[in-house]
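Peer 1: coordinates only, sequence not included:
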Ligand SMILES: Nc1ncnc2c1ncn2[C@@H]1O[C@H](COP(=O)(O)OP(=O)(O)OP(=O)(O)O)[C@@H](O)[C@H]1O
């Protein structure tokens, strides 16, 4: 698999604070990678170093466009910064065309596509408005368009969902999937892990500037020891035996329903067989815990605390 971005030993301190502490990651061409962690974990600092805005204290950053290792080429990269980087007193369309021009996109194409994007993101009527007239969420949408208008091979979205309502969050997710389908590689940062986990092929979980977990999301979930189990059964039946099963913890229970966590050594199949042999089961769902719970548990197991900015 070809990597498009390789980062090794990236480190940055602000005074005594180690904001990023020796992280190494590789983004594979065509994937969506989530750089995930709580507020203040070091995500923005890492992205700013990758974008050449901050100089690392140590570490290497290498891009790979067209099969050749190379340094930063902003024409091939899209960047949605956490802080907005647009001109408030310029019109929306001027902002977009100016940035597309800086990245080398021909003006006519850029205008046509900018207007299409504005239309699609419900901003068609705002193209000639000054940016300052738009709400925070609308400005976020303009910034989003600005980051992809030059058709970059790699896009870095720093907290792309901030300031958006749930409908627009879903809309952004849809567009990110479309970008991926079109061959764009995406590295996105977010603190709301549950919001983005379904989007990501790979994740890099960060806390106090250090890696907590990284790799393919599916593999991380599969290797996680605990299952979440929701069992529905005939409410007239006796379920007291559940409390005695090793490794089974009941989170919520009422006649006919038990929501549980299971990490027993007998394994999930044995557990399901036991349910089937002792109860008239109507439905069972088994899934892995959400990513933020895996994150919290992993940090806790290491005896660390969770970054609070
Ligand atoms: N310019 C700076 N000067 C001093 N400290 C800084 C600076 N930039 C970041 N920090 C500190 O570095 C740490 C990491 O911050 P960073 O913004 O990278 O975190 P983050 O994971 O992006 O958080 P958030 O989700 O809140 O954006 C924090 O403790 C922050 O206070």
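Peer 2: Received, thanks. Just so it is clear, the structure is predicted and the values come from calculations on it, not from any experiment.

Peer 1: just the buried residues of the helix or strand harbouring residue 231, please?
Peer 2: Using DSSP states H and E, residue 231 falls within strand 227-233. Across strand 227-233, burial judged by 16 or more other CB atoms under 10 Å covers 227-229, 231, 233. The C-beta positions use only the backbone N, C-alpha and C, and glycine is treated the same way.

Peer 1: by contact count, what packs against it?
Peer 2: If contacts are counted by 3 or more CB pairs under 8 Å, 6 or more residues apart in numbering; DSSP states H and E, strand 227-233 sits against strand 257-262, helix 268-278, strand 281-287.

Peer 1: right, and those - which one's nearest the ligand?
Peer 2: strand 281-287 (26.8 Å; CB to the nearest ligand atom).

Peer 1: tell me the mean pLDDT over the helix or strand just after that closest one?
Peer 2: Next helix or strand after strand 281-287 toward the C-terminus (DSSP H and E): helix 291-301. Helix 291-301 carries an average pLDDT of 88.

Peer 1: which residues touch helix 291-301?
Peer 2: Contacts to helix 291-301, defined as CB atoms under 8 Å, 6 or more residues apart in numbering, come from residues 36-37, 193-194, 197, 203, 205, 207, 212-213, 217, 220-221, 224, 226, 288-289, 305-306.

Peer 1: partners of the helix or strand of the chain with the lowest mean pLDDT in the sheet?
Peer 2: Every helix and strand in the chain was compared by mean pLDDT, DSSP states H and E; the lowest is strand 68-70, with a mean of 76. Sheet pairing of strand 68-70 (DSSP bridges) gives strand 58-65 (antiparallel).

Peer 1: same question for the partner strand: list its buried residues.
Peer 2: By 16+ other CB under 10 Å, the buried positions in strand 58-65 come out as 59, 61, 63-65.

Peer 1: so residue 26 is in which element?
Peer 2: Taking DSSP H and E as the definition, residue 26 sits inside strand 17-28.

Peer 1: domain ranges for this structure?
Peer 2: Domain ranges of the chain: 3-76+152-222, 225-287, per automatic domain parsing.

Peer 1: re the thing from before, nearest to residue 239, of the buried residues of strand 227-233?
Peer 2: residue 233 (7.0 Å; CB to CB).

Peer 1: could you find the closest non-adjacent residue to whatever residue is furthest in space from the centre of the chain?
Peer 2: Computed with CA atoms, centre = their mean, the residue of the chain farthest from its C-alpha average is residue 236, at 43.9 Å. In this structure, residue 236 finds its nearest non-sequential neighbour in residue 255, 7.9 Å apart by CB to CB, 6 or more residues apart in numbering.

Peer 1: show me what contacts residue 186?
Peer 2: Contacts for residue 186 (CB under 8 Å, 6+ apart) come out as 31-33, 154-155, 157, 176, 179-180.

Peer 1: from those residues, pick the one nearest residue 259.
Peer 2: Within those, the smallest distance to residue 259 is 30.6 Å, found for residue 32 (CB to CB).

Peer 1: the closest one against residue 190, yeah?
Peer 2: No: using CB atoms under 8 Å as the test, residue 32 is too far from residue 190 to be in contact (11.4 Å).

Peer 1: how many neighbours does the residue in the stretch 151-300 of the chain that the ligand sits nearest to have?
Peer 2: Nearest residue of the stretch 151-300 of the chain to the ligand, counting by CB to the nearest ligand atom: residue 191, 4.5 Å away. Number of residues near residue 191 (other CB atoms under 10 Å) recorded here: 19.

Peer 1: could you shift the numbering so residue one becomes 689, and keep it that way?
Peer 2: Renumbered: residue one is now 689, and that last one reads residue 879.

Peer 1: isn't it right up against residue 726?
Peer 2: Yes: with contact defined as CB under 8 Å, residue 879 counts as touching residue 726 (5.7 Å).

Peer 1: show me how far the least confident helix or strand of the chain is from its chain's centre.
Peer 2: Distance, stretch centre to chain centre, for strand 756-758: 26 Å (CA atoms, centre = their mean, to the nearest Å).
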